[in-house]
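Asks: Let's see this in three dimensions:
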Amino acid sequence: MTPAIKLTGRLLDALSVTAPPLARRLAWELFRRPVRRARVHPHEQAAHAAAVREHYTVDGVRVAAYRWGDGDRPVLLLHGWSSRGSRFAALATELARRGHTAIAVDAPGHGDSGGDSTTVPQYARLVHAIQQRHGDFRGIAGHSLGVLTAFHALRTGVRADAIVTVSGIADFGHLLREFARQLRLRPPVTDDVRRRLEKLLGDDDIWTRLSSDHQPEHVTQPLLILHDADDDFVGVDHAHRLHQAYPHAELVITEGLGHRGVLADPRVFGPAADWLSARAGAAPLP
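Replies: Numbering: from 1, shown residues only. Take a look at the predicted model:
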């Protein structure tokens, strides 16, 4: 836990006693907004500069996208919370080298896109917009929150030949539980964030229907689950939960990579590129 998180948690705890309404509003704003606008890392800059820029509009927000390669149908790359599309630079480069097209996006409120936040349903609407322009996907690879988005998009009509999850969140409720744990929120503050999110997304069933393992019968494509045993944000139990929901999936557990730097490690992007290249274009399981 960083000093900034500890300090923020102490502030919220004090406000929970002295000014509860302010504590609730502040907790909600911290939950719904990315921590910061992620920058392009030095090792991503060459790939980022080489990408062809695209733009989409979702819910009135202008969204930045990046395309590499000249394959017939793209592999879509979906980043996680407080991240950006350039985190997939290594995988995108590998896919393009193998003759595929890769498309990464900056979700609303992230990277070079407009807006100040996003939700899983909005992020999934962006996926639909990309499919409308480029056609069905050869594959979708998601990291963390991007995995929740990928599964929700697939359940709502997006078509892809194969799926790769990296550090994937199985349970949508994990987002709020982890937020509350890190900041040591008092239960009334956590409950208020829960109610606000349910109101924003329209119902109290979001904790089930936005989870990655919801309605697994709708996702029968070849599936690769990659997760690191030392992930300190999304525990490896999420990978096992996904594998239980999708027993046809291949499960690969790495060690020593953590959560945030995993996409830049050749032990992840190499096997992911190999796997997508081998299986993209395969028919879904019956």
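Asks: now residue 86: how far from residue 113?
Replies: Distance from residue 86 to residue 113, counting by Cβ to Cβ, to the nearest Å: 12 Å. Every residue, glycine included, has its C-beta placed from N, CA and C.
Asks: neighbour-wise, which of those two wins?
Replies: residue 86 (26 against 23; other Cβ atoms under 10 Å).
Asks: Please enumerate residues in contact with stretch 197-211?
Replies: 31-32, 119-121, 148, 152, 170-173, 176, 214 (Cβ atoms under 8 Å, 6 or more residues apart in numbering).
Asks: now those residues as TSV including distance to residue 19?
Replies: TSV is the format used below for those (distance: Cβ to Cβ, whole Å):
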residue	distance to residue 19
31	18
32	20
119	28
120	31
121	32
148	33
152	36
170	36
171	32
172	30
173	27
176	22
214	38
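Asks: and these, which are buried?
Replies: Among the contacts of stretch 197-211, those buried by neighbour count (16 or more other Cβ atoms under 10 Å) are 31, 32, 119, 120, 121, 148, 152, 170, 171, 172, 176, 214.
Asks: Show me where the stretch 151-286 of the chain has its helices.
Replies: Ranges of helices within the stretch 151-286 of the chain are 174-183, 187-201, 206-209, 237-245, 266-279, based on DSSP state H, counting those that start in this stretch.
Asks: so can I have a markdown table of those showing distance to residue 16 and mean pLDDT?
Replies: Listed next are the helices of the stretch 151-286 of the chain as a markdown table, based on distance: least, Cβ to Cβ, whole Å; pLDDT from 0 to 100:
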| stretch | distance to residue 16 | mean pLDDT |
| --- | --- | --- |
| helix 174-183 | 11 | 96 |
| helix 187-201 | 6 | 97 |
| helix 206-209 | 23 | 97 |
| helix 237-245 | 29 | 98 |
| helix 266-279 | 39 | 93 |
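Asks: circling back to that earlier point, go through the buried ones among the contacts of stretch 197-211 and name the one nearest residue 137.
Replies: residue 152 (14.6 Å; Cβ to Cβ).
Asks: Kindly export stretch 234-247 (C-alpha atoms) in CSV.
Replies: Extracted in CSV, the C-alpha atoms of stretch 234-247 (Å, rounded to 0.1, in the frame of the first residue of the first chain):
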residue,chain,number,x,y,z
VAL,A,234,-6.5,-9.4,-8.5
GLY,A,235,-5.7,-12.6,-6.6
VAL,A,236,-5.0,-15.8,-8.5
ASP,A,237,-8.3,-17.1,-7.1
HIS,A,238,-10.0,-15.1,-9.8
ALA,A,239,-8.2,-17.2,-12.5
HIS,A,240,-9.4,-20.4,-10.8
ARG,A,241,-12.9,-19.0,-10.6
LEU,A,242,-12.8,-18.2,-14.4
HIS,A,243,-11.4,-21.7,-15.1
GLN,A,244,-14.2,-23.3,-13.1
ALA,A,245,-16.8,-21.3,-15.1
TYR,A,246,-15.1,-22.0,-18.4
PRO,A,247,-13.6,-25.5,-18.1
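Asks: buried ones in that stretch?
Replies: 234, 235, 236, 238, 239, 241, 242, 243, 245, 246.
Asks: isn't the first one right up against residue 145?
Replies: If I follow you right, that is residue 234. No - using Cβ atoms under 8 Å, residue 234 makes no contact with residue 145, being 9.4 Å away.
Asks: remind me which residues of the stretch 51-200 of the chain are low pLDDT?
Replies: By pLDDT under 70, the stretch 51-200 of the chain contains no weakly predicted segment.
Asks: Assign residue 104 to helix, strand or coil.
Replies: Assigned by DSSP: H, G, I helix; E, B strand; the rest coil, the conformation of residue 104 is strand.
Asks: what's the spacing between it and residue 238?
Replies: From residue 104 to residue 238 the distance is 22 Å (Cβ to Cβ).
Asks: Need the nearest residue in space to residue 20, chain neighbours excluded.
Replies: residue 188 (7.1 Å; Cβ to Cβ, 6 or more residues apart in numbering).
Asks: Name all residues that make contact with the one you found.
Replies: With contact taken as Cβ under 8 Å, 6+ apart, residue 188 is in contact with 16, 20, 24.
Asks: Mind checking which of those are buried?
Replies: By neighbour count, with 16+ other Cβ under 10 Å, the contacts of residue 188 hold 16, 24 as buried.
Asks: Appreciated, that's everything.
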